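Chemist: let me see the structure of the following:
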Amino acid sequence: MRIFASTPLYVGTEELARRQQRYDQISPEGVTIELHDLPAEAPRQLNNAEDIARSEEFVHAALAAAPDGFDVLLADCVLDPAVGRLQDELDRPVIGILRMNLAYCAAVGVPMGAVVRNEAIAAEMHRVAKSYGWSRWLTDVEVLDLSFDAISEGTAWQEQLDAAAVRVSTKGVRSLFNGCSAVDVDPDHPSVVPVFDPVIRALELAAVGR
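Modeler: Next up is the predicted model:
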């Protein structure tokens with residue numbers, strides 16, 4: 001299975017290479033992902049509703065123009081920018097990371113909590129889940145209140161993630177969706193609530209159906 005993926009931001013050469021390496025490491029056997037950056041005029045962070053709306057338009061254009069030879073299209077963002085639209089418009093399958101994970105939760109009947117970087121992303125995640133009709137499977141969305149640099153650095157993200165896991169553990173949350181497609185989750189890191197990588201789950205589900 002060959003997947004054409006688009007970043008949700010303009011990230012530049014170095015960060016694109018880091019994200020591509022991450023996909024190379026986590027992709028299931030038989031799945032290859034080719035990640036593409038957005039143009040330089042695209043948003044560089046998702047800090048507000050305007051950034052999110054502009055990101056969606058750029059991702060829509062990038063995935064709609066994906067060349068032949070790819071079996072599946074992927075929006076490399078847990079907010080599924082343009083995924084619903086593209087699934088209605090295109091013949092090729094389009095993977096939405098959030099949609100795949102919510103579908104899994106609905107299938108097994110177990111809601112999930114989530115952590116995200118800021119309030120704008122939290123609001124959009126709730127909106128997208130509602131648009132799918134699956135709001136009940138997304139419970140608490142904890143805001144880590146971190147800078148954009150925390151995505152690539154990792155340490156500060158892990159510290160805030162640990163604190164969020166403690167908070168949601170008192171609310172009955174049974175699993176925690178790590179709400180950034182470009183942040184690694186250490187599967188061996190101890191946590192009071194199991195934290196999972198939504199990209200790995202989405203790819204594994206896609207691989208089963210290939």
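Chemist: nearest residue to the middle of this protein?
Modeler: The C-alpha lying nearest the average C-alpha coordinate of the chain belongs to Val78 (Cα atoms, centre = their mean; 2.3 Å).
Chemist: how about the strands in this protein?
Modeler: Using DSSP state E, the strands of the chain run over 2-6, 32-36, 72-75, 94-96, 112-116, 138-143, 176-178, 195-196.
Chemist: can you put the ones you listed in JSON lines and add distance to Arg167, mean neighbour count and mean pLDDT?
Modeler: Quick note: C-beta positions are derived from backbone N, CA and C, even for glycine. Formatted as JSON lines, the strands of the chain follow (distance: least, Cβ to Cβ, whole Å; neighbours: other Cβ atoms under 10 Å; pLDDT from 0 to 100):
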{"stretch": "strand 2-6", "distance to Arg167": "32", "mean neighbour count": "21", "mean pLDDT": "97"}
{"stretch": "strand 32-36", "distance to Arg167": "33", "mean neighbour count": "17", "mean pLDDT": "97"}
{"stretch": "strand 72-75", "distance to Arg167": "29", "mean neighbour count": "24", "mean pLDDT": "97"}
{"stretch": "strand 94-96", "distance to Arg167": "27", "mean neighbour count": "22", "mean pLDDT": "95"}
{"stretch": "strand 112-116", "distance to Arg167": "9", "mean neighbour count": "25", "mean pLDDT": "89"}
{"stretch": "strand 138-143", "distance to Arg167": "6", "mean neighbour count": "19", "mean pLDDT": "89"}
{"stretch": "strand 176-178", "distance to Arg167": "10", "mean neighbour count": "24", "mean pLDDT": "84"}
{"stretch": "strand 195-196", "distance to Arg167": "13", "mean neighbour count": "18", "mean pLDDT": "82"}
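Chemist: wait, which of those is closest to Gln45?
Modeler: strand 112-116 (13.1 Å; Cβ to Cβ).
Chemist: and the protein, what are its domains?
Modeler: 2-96, 98-202 (automatic domain parsing).
Chemist: can you lay out the ones you listed as CSV showing distance to Val208?
Modeler: Converted to CSV, the domains of the chain look like this (distance: least, Cβ to Cβ, whole Å):
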stretch, distance to Val208
domain 2-96, 9
domain 98-202, 11
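Chemist: of those domains, which shows the lowest average pLDDT?
Modeler: Averaging pLDDT over each of these singles out domain 98-202 as the lowest, with a mean of 84.
Chemist: what's the end-to-end length of that domain?
Modeler: Start-to-end span of domain 98-202 (Cα to Cα, to the nearest Å) is 8 Å.
Chemist: residues in contact with the residue nearest to the centre of the chain?
Modeler: Applying Cβ atoms under 8 Å, 6 or more residues apart in numbering to Val78 gives the contacts 97-98, 116, 125, 177, 179-181, 198.
Chemist: same deal with Ala129?
Modeler: Residues in contact with Ala129 (Cβ under 8 Å, 6+ apart) are 98, 102, 135, 137-138.
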